[in-house]
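Q: requesting a structural model of the entry that follows:
(chains A and B)
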Amino acid sequence: MTRLVPRPVLLWILALLAGLAIAWHSRFNADMSFVLPLHPTPSQEVMIRQIKEGVVSRLLMVGIGGGDADQRAQASRDLRARLVASGAFTSVQNGEAGSQDADREYLFRNRYLLSPAVTPARFTVEGLRESIGASIDLLASPAGMMLKRSLPQDPTGELWAQISALDPTSEPPSRAGVWASRDGGRALLVLQTKALGSDTDGQEQALATLDAQFEQVRQTPGLTALTLEVAGPGRFAVKARDTIREEVSRLSILSTVAIVVVLAFVYRSPRLVFLGLLPVASGALAGVVAVSLIFGTVFGITIGFGAALIGEAVDYSIYYFLQSGRVGAEAWRTRFWPTVRLGVLTSLAGFGALLFSGFPGLAQLGLYAMSGVLTAALVTRFVLPVLAGPVPAVRDLTGPGIRLAAMGQALRRGRWAALVLAVLALTHLAIHRGDLWQANISALSSVDPADLAVDQALRADIGAPDARYMVVVQGINQEAALQAAEAAGARLDRLVESGRLGGYDSPARFLPSQALQRQRQAALPEPADLARRLAVAQADSPLPANRLAPFLADIAAARAQPLIGRDQLDGTQLALATDALMERHPAGWGVLLPLRPAGGDGEIDTDAVRAALVGTGALFIDLKGELNHLYASYLGEALVLALAGVAAIVALLAATLRSLPRLVAVIGPLGLAVVLVMAGLHALGQPLHLLHLVGFLLIVAVGSNYALFFERSADSAGIDPTTLTSMVVANITTVIGFGVLGLSSVPVLHAVGVTVGPGAALVLVLSAAFLTRRAAPA
Amino acid sequence: MKRLGAVLALTLCALAAPVKAGFDLNQLMADLARHPGGRATFTERKYLAVLDKPVVSSGEMRFTPPGRMEKRTISPRSETLVLDQDVLTMERDKRRLSIRLDAQPEALAFVDSLRALLGGDRVTLERSYALQLVGDAQRWVLHLLPSDQRIAALVLRITVSGQANQVRSIEYLQADGDRIVLDLQPVAGS
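A: Next up is the predicted model:
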């Protein structure tokens, strides 16, 4: 067997097959979860759960435009009925009259267990006189007119006490009986998908259901002119995934075709072109397999990055074919392989630094690149020579090599220009050192600005909280969690009272803890006592005690009624509101209290909230602040890692070259290239973010190969024309690979592309320009 | 909440004011159309089946043509209602609530017809009500009987009475039998 198929090739084939099997079963993920931390803090953990599964992540906002108000309202009602029937949504709301009757009924029926005003003092003679008096005063107001029918049953106004605790501004205005935008031009619906926010497939299906049902609605005569607008995290996720999918295949094809054209031009042999792509394909596969095995899920951006790596991984086979064609395979192994090996090692050192990132996107990129490059190099070294056999004579590249060498001469005369540029670039960077980096995580988001505008418009119309601020409490069971929510709520009430907080939502409003329900029940007096007190309290009132028999009956019933559990909420919209804010997790239950700012600026005094919650064990989270903080920590960490990566590369080079001048000759062009690219991008108005920083590290990691070749090949006779040509070709493929990423609209990929593409080219040019000849080979 | 707009609009229409002599429905409408708006103190009594005695409230009202009306209740509890075009805003207990009346066709029809009264737009008014004017220019009474079913569901009859050129009271008989009487005293110099 080993005779027929040499051992390295056999191993390679087996590895390929195993790799294909693993890649086939890999899970791919194209949402924004690549920014979420690998090792979250407790508050980050809550944030991640919210982003992946929380009520906010399952929100879809729908606007119906076109036509007139009645047509839009008709479509809104029809669409609501269809979406409810579809079963893809846990909640479909459009403000239709009647849809909240069940809620009102629930609040009224259970008012003595639900009302925050129920205390023993409420039912003393004094308390009764005051609360019934207030209810009568309320009748003077138009607001009281809707309560007048229930007055004999609810003279103390417990329904009003509950309703007035809710946020009146939380509902959008209505038009023709359904929710509408403030300008009246759109009918609005608010949906909760059944699928989790992190389930992009489920979100895609929900969106497809929505589209299909709306198309059906539009079939109705008169409604054909209506249009649909949809926004929400699910829509962003689906769209981002589509974009990444589409771009990854487009960019991979583009860079492969471009590289094949270059190789075909150089090799003039389809066979060599094919063989040359084998290490690349093996590398790409190895990257996917490694990431899949270690991370479980492969991010879309990781695959996209693979498109760039094609250009880098193909370099090794270019060196092999072009250089060994002249000197023979054996000589290549002794003369050139050590340099290639050192180049591979420096690349690995650079990519390896990313492995330590807490930012999963970066860690994946690092692992993918390391496995890809290492595999490509190994396949080139051990498999390619066997498969290719004696390397056929590639067309004579001495001619182009000599011309290139002449260009190198010209470049050397232009050194001063590079130095002037470097000084200018450094000056630019020094001037702008304060605003080089964009400190906002949105820089990594691939959300289309047009979609974002629709999202913000619908959000403003619907009054949907952006869920930026929330308080989270935990309990070992639901009861404990609800009690904790009530304790935190009592603290928040004080902030609301003093005007520092606009309000907050709590599931305990509709589902109080059993303890609090029992406490309220205990506050209700015996009917005989109550009757006596009422007679005294209402002696001179327009509402005498003898009219309040329904009140006595209801109190008696409430004293005996079973405590409310979650089941009683079934069939009301309150059930959804309550469920959405409670979550069961392995350690017990968590309850979420979203906060509303008091002012119009949308900001909350975070210190005041934290101070108010001291001692309750409740956790206050500012989602936006938390994300930006997270991003800042990624940026800081990436900076350290990039410096560590560069340090590792320098150490590796120093250990191998063992000469300061030679080290400088290699590192100098790399440093210059980074400075020029950094200043250039910033001067062109590219806001620099995390992935540009990673790009700078990659310039060093990838570019070191070219700098090394120049340095190593430069003996007294100057650089050998064929070697020079092979380097230029290898460089072109790398620049194509990364440069293509620059065409991407995905910010993460775009940033790497526009950084490494020009950077790799610059390294080659600068290495040529600063090439120094040594008197004798080392 | 539907009634809210209706009740407010009813009470505010009292601000339609001076009426001149030589007098029929057209003349009354012409006078109302020329009214520049103004200020009045009010006392409102609500006779509700559920209570033994009427609920009494008082305060000040203001009408700024063409579309803005304010009702500031001082007693028993302070409350402010503002109707500006189609938006009704209520402030009470430091809370603020805004409603668009066009969301509620019944309330809107009611508000529109009362606006028509204030604006002296007889054509619009007669679309929703049968009008009866009795008395003379010194003491007149205008009965509005809803012909629009949506309004009739809320109110059985509206009775506006005035002395000479001043609207002095509005009585509002609700469909459920409850009654609201609003007495007005124009503020001098307004």
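
Q: only C-alpha atoms from now on, for both contacts and neighbour counts.
A: Noted.

Q: give the other helices and strands that the host helix or strand of residue A:651 contacts.
A: Assigned by DSSP states H and E, residue A:651 belongs to helix A:623-657. Judged by 3 or more C-alpha pairs under 8 Å, 6 or more residues apart in numbering or on different chains; DSSP states H and E, helix A:623-657 is in contact with helix A:337-354, helix A:660-683, helix A:690-713.

Q: and it, which residues are buried?
A: A:623-624, A:626-628, A:630-632, A:634-635, A:637-639, A:641-642, A:644-646, A:648-650, A:652-654, A:657 (16 or more other C-alpha atoms under 10 Å in any protein chain shown).

Q: helices or strands up against the lengthiest strand in chain A?
A: Taking DSSP state E as the criterion, chain A has its longest strand at strand A:588-596. The contact analysis (3+ C-alpha pairs under 8 Å, 6+ apart) places strand A:588-596 against strand A:469-475, helix A:478-497, strand A:503-504, strand A:582-585.

Q: show me what the last one is packed against.
A: Counting contacts by 3+ C-alpha pairs under 8 Å, 6+ apart, strand A:582-585 packs against strand A:588-596.

Q: try the shortest one
A: For strand A:503-504, the contact count by 3+ C-alpha pairs under 8 Å, 6+ apart identifies helix A:478-497, strand A:588-596 as packing neighbours.

Q: thought residue A:38 was touching residue A:360?
A: Yes - using C-alpha atoms under 8 Å, residue A:38 is in contact with residue A:360, at 5.9 Å.

Q: if you count surrounding residues, which of these two has more?
A: Taking neighbours as other C-alpha atoms under 10 Å in any protein chain shown, residue A:38 and residue A:360 compare with residue A:360 leading, 21 against 13.

Q: OK, contacts around residue 148?
A: Answering for chain A, as no chain was given. A:139, B:50 (C-alpha atoms under 8 Å, 6 or more residues apart in numbering or on different chains).

Q: actually, chain B is the one I wanted.
A: The contact partners of residue B:148, taken as C-alpha under 8 Å, 6+ apart, are B:127-129.

Q: in strands, which of those appear?
A: residue B:129.

Q: now the contacts of residue B:148: which count as buried?
A: For those, burial is judged from neighbour counts taken by 16+ other C-alpha under 10 Å, and it is met by B:128-129.

Q: identify, from the contacts of residue B:148, the entry nearest to chain A.
A: Lowest distance from chain A to the contacts of residue B:148 (C-alpha to the nearest C-alpha) belongs to residue B:128, with 19.5 Å.

Q: quick check: that closest one touching residue B:146?
A: Yes - the pair residue B:128 / residue B:146 is scored as a contact, 5.7 Å apart, by C-alpha under 8 Å.

Q: confidence score at residue A:740?
A: Note for residue A:740: predicted pLDDT of 91.

Q: one more: residue A:555?
A: For residue A:555, the predicted pLDDT is 95.

Q: repeat that for residue A:394.
A: With respect to pLDDT, residue A:394 has a value of 64.

Q: run the chain-centre distance for the helix or strand where residue A:459 lies.
A: Secondary structure from DSSP H and E places residue A:459 in helix A:449-462. With C-alpha atoms, centre = their mean, to the nearest Å as the basis, helix A:449-462 stands 18 Å off its chain's centre.
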